[in-house]
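Enquirer: A predicted structure for the sequence below; I have some questions about it.
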Amino acid sequence: MVTMSAALEGGTGPVRAITTLLTLFATASLLVAAIGLYGVVAFNMRRRTRDFGVRLALGASSPQILQSVVREGLVLTAIGVAGGFMLSVGAGLALRRLLIGVTPTDPPTYLAVLGVLALVSLVASYVPARRAARVDPVQALRQE
């Protein structure tokens, strides 16, 4: 004699363990992706300090440079998120039978990941752009 909950737990225990591991790996992957995204965008913006100095010397205002850089970072992020979205939907559909209690295209999950990556991209673009927009054009042009 076994209770119904014990019988169900015996059948779904391995699947739940795999799902828990996949959730942990997905969270770690999101963290690594966020760190990598920040590093790439911030490096690209710091590399362009001379370009920003030239723009400032030619009469561009700091807000114009800031807006241009943030827009560029968000466009690149949107392209990457669109590609990742398509790949993740395909992977979710392939792993459909391992998902318990969620659909392969769970909107809150996708929105949360999109929000995290967009926020990281915005910060990664804004911080170096703000620093570059405040730099003296003469110093930026001397840098090499």
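Expert: Perfect, I can see it now. Residues are numbered from 1 along each chain as shown.

Enquirer: Please make it C-alpha for all contacts and neighbour counts, starting now.
Expert: Will do.

Enquirer: after the longest helix along the chain comes which helix or strand?
Expert: Ranked by number of residues, the top helix in the chain under DSSP state H is helix 4-47. Next along the chain after helix 4-47, taking DSSP states H and E as the criterion, comes helix 49-57.

Enquirer: Show me what the longest helix of the chain is packed up against.
Expert: Helix 4-47 sits against helix 107-133, with contacts defined as 3 or more C-alpha pairs under 8 Å, 6 or more residues apart in numbering; DSSP states H and E.

Enquirer: quick one: the helix it packs on to helix 49-57, angle?
Expert: Note on geometry: by axes from the mean of the first three to the mean of the last three C-alpha atoms, to 10 degrees, helix 107-133 and helix 49-57 are set 70 degrees apart in direction.

Enquirer: Output the below-cut-off pLDDT ranges for this protein.
Expert: 140, 143-144 (pLDDT under 70).

Enquirer: Run the chain-centre distance for stretch 40-48.
Expert: The chain centre lies 16 Å from the centre of stretch 40-48; the measure is C-alpha atoms, centre = their mean, to the nearest Å.

Enquirer: Oh, that last question was meant for stretch 9-16, not what I typed.
Expert: Averaging C-alpha positions (C-alpha atoms, centre = their mean) puts stretch 9-16 33 Å from its chain's average.

Enquirer: Equivalent analysis for stretch 97-110, please.
Expert: Its chain's C-alpha centre and that of stretch 97-110 lie 20 Å apart, by C-alpha atoms, centre = their mean.

Enquirer: and if you look at stretch 61-68?
Expert: Centroid displacement of stretch 61-68 relative to its chain, using C-alpha atoms, centre = their mean, is 23 Å.

Enquirer: ok, now stretch 130-144?
Expert: Distance of stretch 130-144 from its chain centroid, counting by C-alpha atoms, centre = their mean, is 28 Å.

Enquirer: tell me which residues in that stretch are buried?
Expert: 130, 132-135, 137, 140 (16 or more other C-alpha atoms under 10 Å).

Enquirer: quick one, phi/psi of R48?
Expert: Main-chain dihedrals, R48, degrees, to the nearest 10: phi -100, psi 20.

Enquirer: and the helix or strand that contains A82, what other elements does it pack with?
Expert: Using DSSP H and E, A82 sits in helix 62-94. On a contact count with 3+ C-alpha pairs under 8 Å, 6+ apart, helix 62-94 meets helix 49-57, helix 107-133.
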